[in-house]
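Trainee: Predicted model, plus sequence, below.
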Amino acid sequence: MSIEVLNESGVEVAVKDLAALARHVLDGMRVHPLAELSVLLVDEAAMTELHEKWMDEPGPTDVLSFPMDELRPGHMSGGADEDGDADPGLLGDVVLCPAVAERQAREAGHSPGDELELLCTHGILHLLGYDHAEPEEHKEMFGLQADLLTSWQEKRGRS
């Protein structure tokens, strides 16, 4: 699995931890081991530009997802070949804004690192086709997100 984490935000971030989390999420979702993912951390100005251009929304946001090959988790239709094996491919890009994440972390009462892990997981789920516009979608996506983050914390010895 190729996971590239680039930090262009100007904020110190544990990029190796984010890469390990992304691998955990992709493994947990049974995404093909040859899939490629890019995680980009940007400053507020860059995130504002992306948010306005692609979402037609003002100001910066915390996370944006840009799917490429429309891969799906191994247990979902559309991402497996006739033998049931998930297809490799380019998953897409998750763009995170640590400055926005830091503010949200303060409001939520946890660390900026925990917020970035949450946002990275959220972004990957969007790349895999999950959404939260409808109540049932919201329940499914946020349930998966919570399960993946809990298993990540258990793996790392945190609870």
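Mentor: Perfect, thanks for sending it.

Trainee: buried residues in the top helix by length along the chain?
Mentor: Determined from DSSP state H, the single longest helix within the chain is helix 135-155. Buried positions in helix 135-155, judged by neighbour count with 16 or more other Cβ atoms under 10 Å: 141, 144-145, 148-149, 152. In this view, the C-beta of every residue, glycine as well, is placed from N, C-alpha and C.

Trainee: can you put the residues you listed in TSV and add pLDDT?
Mentor: Formatted as TSV, those follow (pLDDT from 0 to 100):
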residue	pLDDT
Met141	97
Leu144	97
Gln145	97
Leu148	98
Leu149	97
Trp152	97
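
Trainee: ok, those vs Glu36, which is closest?
Mentor: Nearest to Glu36 among these, counting by Cβ to Cβ, is Leu148 at 19.4 Å.

Trainee: tell me the contacts of the closest one?
Mentor: 24-25, 28-29, 121 (Cβ atoms under 8 Å, 6 or more residues apart in numbering).

Trainee: Thr48 now?
Mentor: 58-60.

Trainee: measure it to Glu57 for me?
Mentor: 9 Å (Cβ to Cβ, to the nearest Å).

Trainee: Please report how far the closest residue to Leu26 other than its chain neighbours lies from Gly28.
Mentor: Closest residue in space to Leu26, ignoring its immediate chain neighbours: Met1 at 6.1 Å, by Cβ to Cβ, 6 or more residues apart in numbering. Distance of Met1 to Gly28, given as Cβ to Cβ: 12 Å.

Trainee: which residues of the protein fall in strands?
Mentor: 2-7, 36-41, 63-67, 90-96 (DSSP state E).

Trainee: mind giving me JSON lines with the ones you listed and columns for mean neighbour count?
Mentor: Putting the strands of the chain into JSON lines (neighbours: other Cβ atoms under 10 Å) gives the following:
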{"stretch": "strand 2-7", "mean neighbour count": "16"}
{"stretch": "strand 36-41", "mean neighbour count": "22"}
{"stretch": "strand 63-67", "mean neighbour count": "18"}
{"stretch": "strand 90-96", "mean neighbour count": "23"}
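
Trainee: right, so of the ones you listed, which gets closest to Gly129?
Mentor: Among the strands of the chain, if distance is taken as Cβ to Cβ, the winner is strand 63-67, at 7.7 Å.

Trainee: Give me the contacts around the closest one.
Mentor: By Cβ under 8 Å, 6+ apart, strand 63-67 touches 47, 50-51, 54-55, 91-97, 119-120, 122-124, 126-127, 129.
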